[in-house]
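Q: Give me the fold of what follows.
(chains A, B, C and D)
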Number of protein chains: 2
Amino acid sequence: MAKASAREQVAPLDRREMAAWHSLIHAHAKVTRQLEADLEAEHGLTLPGYEVLAHLSEAPDRRLRMSDLASFAVLTPSGLTRLVDKLSAAGLVERARCGADARVVYAVITTEGLRRLRAAYPTHLRGVRDYLIDRLGAKQLDALADALGPLSADCPIRL
Amino acid sequence: MAKASAREQVAPLDRREMAAWHSLIHAHAKVTRQLEADLEAEHGLTLPGYEVLAHLSEAPDRRLRMSDLASFAVLTPSGLTRLVDKLSAAGLVERARCGADARVVYAVITTEGLRRLRAAYPTHLRGVRDYLIDRLGAKQLDALADALGPLSADCPIRL
DNA sequence: ACGGAATACTTGCGCGAGCAAACTTCTTGA
DNA sequence: TCAAGAAGTTTGCTCGCGCAAGTATTCCGT
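A: Residues are numbered from 1 along each chain as shown, chains lettered A, B, ... in the order given. Below is the predicted model of the structure:
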């Protein structure tokens, strides 16, 4: 096998590859920023905050382990700790210890949290539609999930 | 035309729509975090920092207006000011005033900046290939750029 | 030609969040 | 049984970066 020398040149990205990469970055930034601005303005929620509430509301027993919640919400464990601190201070979420394993902590959505989530839901829904889904055809939508889904395969998403 | 009442229910996102939305968030997070970790570890550059250098190196006269650079790099003007401050302190970029319009400032990449960029290029290239492009087929690559490109076509980032 | 609006950039401030290290609790191998 | 190590969470520290306000310059209507 030929070993790559330090001077060996690698082919640069071609136009299509560059376009795919840049469109991913820019589209993501644009969509999430608009969505977050709406949620913030209308309901005082951040996007990660909303997603935490949404995931909890759909989880069995309305609770999830901190570490699982972290990967759902695309946050590091420490990031999730702070976010749950904040949501907890706002009364939207509570912590509960696990009887079986004293290391794990559950985050549980409160009744008030469910209320806020339901109130914010239309805003989020409209945002996802306006900024993403309605700008794509059905084929493009499938292609998008098809292409990007496997990239985050090890981040379990309940679908 | 029926006017939507306050109580009118909107259909929730279906499975495909949810999948597209979540895959966008998770894939973006995964790819950019890995890429940034590599750049940071091997060359002490952040991803936005790398992209600023890359855009400058390809610009006519190796310079771009701050505001143009901001939208390329997916940053707000203020965010770009700090980033250019940092790159400037590291000697990778310089500021230059514009003779024709005293309001505009150009960011210009230095020789040292070009050196650092060239050194980091293989890392970035490999990252984009490993974490994104090589995991997609040619068709998926086109579909991705095709679907996401228009979302940010009009204005790259401005809200 | 002049004063108000628009444009380009920078600063004050604050917050979200990542990394590394510290605890705590559970597991496992000798 | 009892370390040693792994797993889950939290804390200390730090920094990137967005928003709003401030400054400097240019444009435009009258």
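Q: ok, which stretches of chain A are strands?
A: Ranges of strands in chain A, per DSSP state E, are A:63-65, A:93-97, A:105-109.
Q: can you put the ones you listed in JSON lines and add mean neighbour count?
A: For the C-beta atoms, the positions are set from N, CA and C on the backbone; glycine is no exception. What follows is those, written out as JSON lines (neighbours: other C-beta atoms under 10 Å in any protein chain shown):
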{"stretch": "strand A:63-65", "mean neighbour count": "19"}
{"stretch": "strand A:93-97", "mean neighbour count": "15"}
{"stretch": "strand A:105-109", "mean neighbour count": "21"}
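Q: could those strands go into CSV alongside distance to chain B and mean pLDDT?
A: Converted to CSV, the strands of chain A look like this (distance: least, C-beta to the nearest C-beta, whole Å; pLDDT from 0 to 100):
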stretch, distance to chain B, mean pLDDT
strand A:63-65, 16, 97
strand A:93-97, 20, 96
strand A:105-109, 18, 97
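Q: ok, residues contacting stretch A:88-106?
A: Residues outside stretch A:88-106 that contact it (C-beta atoms under 8 Å, 6 or more residues apart in numbering or on different chains): A:52-53, A:56, A:63-67, A:84, A:87, A:107-110, A:112-113, A:116.
Q: please redo it, this time with the cut-off set to 10 Å
A: A:44-45, A:49, A:52-53, A:56, A:59, A:61-69, A:81, A:83-87, A:107-117 (C-beta atoms under 10 Å, 6 or more residues apart in numbering or on different chains).
Q: From those, list the buried ones, please.
A: Among the contacts of stretch A:88-106, the ones that count as buried by 16 or more other C-beta atoms under 10 Å in any protein chain shown are A:45, A:49, A:52-53, A:56, A:59, A:62-64, A:68-69, A:81, A:83-84, A:87, A:107-110, A:113, A:116-117.
Q: show me which of these neighbour DNA strand C.
A: Filtering the buried ones among the contacts of stretch A:88-106 for neighbours of DNA strand C using C-beta under 7 Å from any atom of the strand leaves residue A:83.
Q: Can you flag which of the buried ones among the contacts of stretch A:88-106 belong to helices?
A: A:49, A:52-53, A:56, A:68-69, A:81, A:83-84, A:87, A:113, A:116-117 (DSSP state H).
Q: Go through those and name the one nearest DNA strand D.
A: In terms of C-beta to the nearest atom of the strand, no member of those lies closer to DNA strand D than residue A:81, at 3.8 Å.
Q: Return the residues in contact with the spatially closest residue to that closest one that is not a sequence neighbour.
A: Take residue A:81 and drop its neighbours on the chain: the residue closest to it by C-beta to C-beta, 6 or more residues apart in numbering or on different chains is residue A:66, 7.0 Å away. By C-beta under 10 Å, 6+ apart, residue A:66 lies in contact with A:77, A:80-81, A:84, A:95, A:104-107.
Q: Touching, residue A:63 and residue A:113? I think so.
A: No. Residue A:63 sits out of contact with residue A:113 when judged by C-beta atoms under 10 Å, with a separation of 11.4 Å.
Q: so what sits against both of the two?
A: Each of A:56, A:93-94, A:107 lies in contact with both residue A:63 and residue A:113 under the rule C-beta under 10 Å, 6+ apart.
Q: Tabulate those (a markdown table), appending distance to residue A:35.
A: Output for these, formatted as a markdown table (distance: C-beta to C-beta, whole Å):
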| residue | distance to residue A:35 |
| --- | --- |
| A:56 | 19 |
| A:93 | 21 |
| A:94 | 26 |
| A:107 | 22 |
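Q: Beta-bridge partners for residue A:109, please?
A: With DSSP bridges as the criterion, residue A:109 is bridged to residue A:93.
Q: err, residue A:97, not the other one
A: Beta-bridge partners, per DSSP bridges, of residue A:97: residue A:105.
Q: Tell me which two of the ones in helices among the buried ones among the contacts of stretch A:88-106 sit farthest apart.
A: Using C-beta to C-beta, those span at most 21.5 Å, a distance reached by A:68 and A:116.
Q: Could I get the contacting residues of the nearest residue to residue A:39 once chain neighbours are set aside?
A: Once flanking residues are discounted, residue A:39 sits nearest to residue A:45: 4.7 Å by C-beta to C-beta, 6+ apart. Shown in contact with residue A:45 (C-beta under 10 Å, 6+ apart): A:36, A:38-39, A:51-53, A:87, A:90, A:92, A:116-117, A:119-120, A:123-124.
Q: Just the closest of the residues you listed to residue A:26, please.
A: Distances from residue A:26 to those, taken by C-beta to C-beta, are shortest for residue A:36, at 15.8 Å.
Q: Now do the same contact list for the residue lying closest to that closest one once chain neighbours are set aside.
A: Spatial nearest neighbour of residue A:36, excluding adjacent residues (C-beta to C-beta, 6+ apart): residue A:47 at 4.3 Å. With contacts defined as C-beta under 10 Å, 6+ apart, residue A:47 is in contact with A:32-33, A:35-40, A:73-74, A:124, A:127, B:25.
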